[in-house]
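**Q** output the structure for:
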Amino acid sequence: MITCSYRASSLHFLFLILLVLASTSASFLSNDVFEPPRGRSLLQAKLSCPVNFENQNYTIITSKCKGPNYPPKICCHAFKEFACPFAEAISDLRTDCASTMFSYINIYGKYPPGLFSSQCREGKEGLDCTSIAAEPPKPNTASTTTTHLPLTAALLATIVFPFLLS
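**A** Predicted coordinates for the structure are as follows:
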């Protein structure tokens, strides 16, 4: 009986750690999001992005970052305002989030290729999102469900799993 109790408390601790990790958000946009994929990827298909970038509000960028000069300070701040709320998804190199987001930015803004990757560099960790409000634009219903799915699954596992051990 002591072994079972020890095992249950260990599992509770493990799920608590997973819950904390699942609920944290990224505070940097990785520099890797600006780089094109390298090498072969025949068997390394990217996962579909959980964020619906098609229906986002791109006027945050397009109203501020205008050519022909594209002022770096203004453009990078506008880019961060748009992208930082999605930093965790965009920085996940297993998904196609970064390429999807940049595709839509270029469709709506008609920006020169590589504009943001050449102008917006802040350090080896990437763009610092701590100064940008962590409030993402109001998502549609589909992205809300997808965003909260890992957190909900971890919470349910924490509640239900101990009863299965009993």
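**Q** C-alpha only now, for contacts and for neighbours.
**A** Fine.
**Q** number of nearby residues for Gly123?
**A** Neighbourhood size, Gly123 [other CA atoms under 10 Å]: 11.
**Q** which SS state does it fall under?
**A** Assigned with DSSP: H, G, I helix; E, B strand; the rest coil, Gly123 falls in the coil class.
**Q** let me know the pLDDT of it.
**A** Predicted confidence (pLDDT) at Gly123: the value is 81.
**Q** where along this protein do the strands fall?
**A** 28-29, 127-128 (DSSP state E).
**Q** worst average pLDDT in these?
**A** strand 28-29 (a mean of 55).
**Q** contacting residues for Thr95?
**A** Residues counted as contacts of Thr95 (CA atoms under 8 Å, 6 or more residues apart in numbering) are 46-49, 89.
**Q** closest to Asn106 out of the residues you listed?
**A** Closest approach to Asn106 among the contacts of Thr95 (CA to CA): Cys49, at 17.6 Å.
**Q** now do that closest one against Gly123, distance only.
**A** 26 Å (CA to CA, to the nearest Å).
**Q** again, but for Ile60
**A** Separation of Ile60 from Gly123 (CA to CA): 24 Å.
**Q** before we move on, what about Leu47?
**A** Going from Leu47 to Gly123 by CA to CA gives 27 Å.
**Q** go on, Met101?
**A** For Met101 relative to Gly123 (CA to CA), the value is 21 Å.
**Q** ok, now Thr59?
**A** For Thr59, the distance to Gly123 equals 27 Å [CA to CA].
**Q** the residue lying closest to Phe116 once chain neighbours are set aside and Leu127: what is the separation?
**A** Nearest residue to Phe116, sequence neighbours excluded (CA to CA, 6 or more residues apart in numbering): Cys76, at 6.8 Å. Going from Cys76 to Leu127 by CA to CA gives 9 Å.
**Q** doesn't Glu122 make contact with the residue nearest to Phe116?
**A** No. Look at Cys76 against Glu122 with CA atoms under 8 Å: they stay out of range, at 10.1 Å.
**Q** neighbour count for the two, which is higher?
**A** Cys76 (22 against 12).
**Q** and the pLDDT for that one?
**A** pLDDT, Cys76: 95.
**Q** shaky segments in the protein?
**A** For the chain, the stretches flagged by pLDDT under 70 are 1-43, 133-166.
**Q** hey, what's in contact with both of Cys76 and Leu127?
**A** Counting by CA under 8 Å, 6+ apart, the contacts common to Cys76 and Leu127 are Cys120.
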